[in-house]
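# Following is a predicted model, sequence given first.
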Amino acid sequence: MGLSGGVAWLVDLLFGERNVVRDTVEVFRVNAENDAARDHRRAEAALAQFAAEFGVERRGRFDRLIDGLNRVPRPAMALGTLGLFVAAMVDPIWFAERMQGIALVPEPLWWLLGAVVSFYFGARHQAKSQDFQRSIATTLARAPQVTAGIGALRALEAGAGAGEADPPDAAAPEAREAAMAAARPTAPNAALSEWRGA
């Protein structure tokens, strides 16, 4: 093995299929490309889990009916209480007779009513807070689109601000077209596509 063969062997050893220099450096410093790929996979997995957890669910007729019935007790209790005040003013004798009947209700039954009302409003609060979290997640999922839209508007504003002293028709058509292209949404408009096809 001559000098050139030894150098070739050494270069092949250091930088060949198995790169000894790279493998040695990766002991002390993480590979930036592999680290970025791992971060990307981790972010994709987190977003997929987030989307699965907070996906918009389709509700059937029965679910909508039950949701409608669940909205009745709170307004009924509020309006019923106001109705008691009105009844007390309109016909005090009738109201007093009803209150005498309520006075005969045993105390454990009042405790039971209090527990039922407390559990109803507690469960409703939890369901509403979960719906609120779901709506926040949906809003956060739209953040990249909003950021892109703001960037497009700023680009459009920068293009309009450059020719502000000139009349609008005097602006370069290429600049106007570039600004309009930046302001266009990236996703196709389904309604517009259907209209064009008709």
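Thanks, I have the structure now. Predicted model, so just to flag it, every value in this text is computed and none were measured.

# count of residues packed around W9?
12 (other C-beta atoms under 10 Å). Glycine gets a C-beta too; all of them are placed from N, C-alpha and C.

# What strand or helix carries it?
Using DSSP states H and E, W9 falls within helix 3-15.

# Also A127?
Using DSSP H and E, A127 falls in helix 107-141.

# for E44, same thing?
With DSSP H and E as the test, E44 turns up in helix 32-53.

# Could you do G101 as well?
Per DSSP H and E, G101 falls inside helix 92-103.

# What is that helix packed up against?
Under the contact criterion of 3 or more C-beta pairs under 8 Å, 6 or more residues apart in numbering; DSSP states H and E, helix 92-103 touches helix 73-90.

# Tell me where the model's unsure across this structure.
Counting by pLDDT under 70, the chain contains low-confidence residues at 1-5, 13-17, 55-56, 160-187, 198.

# Apply 50 and report the result again.
Where the chain drops to pLDDT under 50, the residues are 162-171.

# Just want the most central residue of this protein.
The chain has T138 as the residue nearest its centroid, 1.8 Å off, counting by C-alpha atoms, centre = their mean.

# Kindly calculate the angle that the helix holding A127 makes with helix 92-103.
90 degrees (axes from the mean of the first three to the mean of the last three C-alpha atoms, to 10 degrees).

# Need the CA coordinates for the helix or strand following helix 107-141. PDB is fine.
Counting by DSSP H and E, the element after helix 107-141 in chain order, helix or strand, is helix 143-162. In PDB, the C-alpha atoms belonging to helix 143-162 read as follows (Å, rounded to 0.1, in the frame of the first residue of the first chain):
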ATOM      1  CA  ALA A 143     -53.500  31.000  13.800                       C
ATOM      2  CA  PRO A 144     -51.100  30.200  10.900                       C
ATOM      3  CA  GLN A 145     -53.800  31.200   8.400                       C
ATOM      4  CA  VAL A 146     -54.400  34.500  10.200                       C
ATOM      5  CA  THR A 147     -50.600  35.100  10.300                       C
ATOM      6  CA  ALA A 148     -50.300  34.500   6.600                       C
ATOM      7  CA  GLY A 149     -53.300  36.800   6.000                       C
ATOM      8  CA  ILE A 150     -51.700  39.600   8.100                       C
ATOM      9  CA  GLY A 151     -48.400  39.100   6.200                       C
ATOM     10  CA  ALA A 152     -50.300  39.400   2.900                       C
ATOM     11  CA  LEU A 153     -52.100  42.500   4.000                       C
ATOM     12  CA  ARG A 154     -48.800  44.100   5.200                       C
ATOM     13  CA  ALA A 155     -47.300  43.300   1.800                       C
ATOM     14  CA  LEU A 156     -50.300  44.900   0.100                       C
ATOM     15  CA  GLU A 157     -50.000  47.900   2.400                       C
ATOM     16  CA  ALA A 158     -46.300  48.200   1.600                       C
ATOM     17  CA  GLY A 159     -47.100  48.100  -2.100                       C
ATOM     18  CA  ALA A 160     -49.800  50.700  -1.700                       C
ATOM     19  CA  GLY A 161     -47.700  52.900   0.500                       C
ATOM     20  CA  ALA A 162     -44.900  53.100  -2.000                       C
END
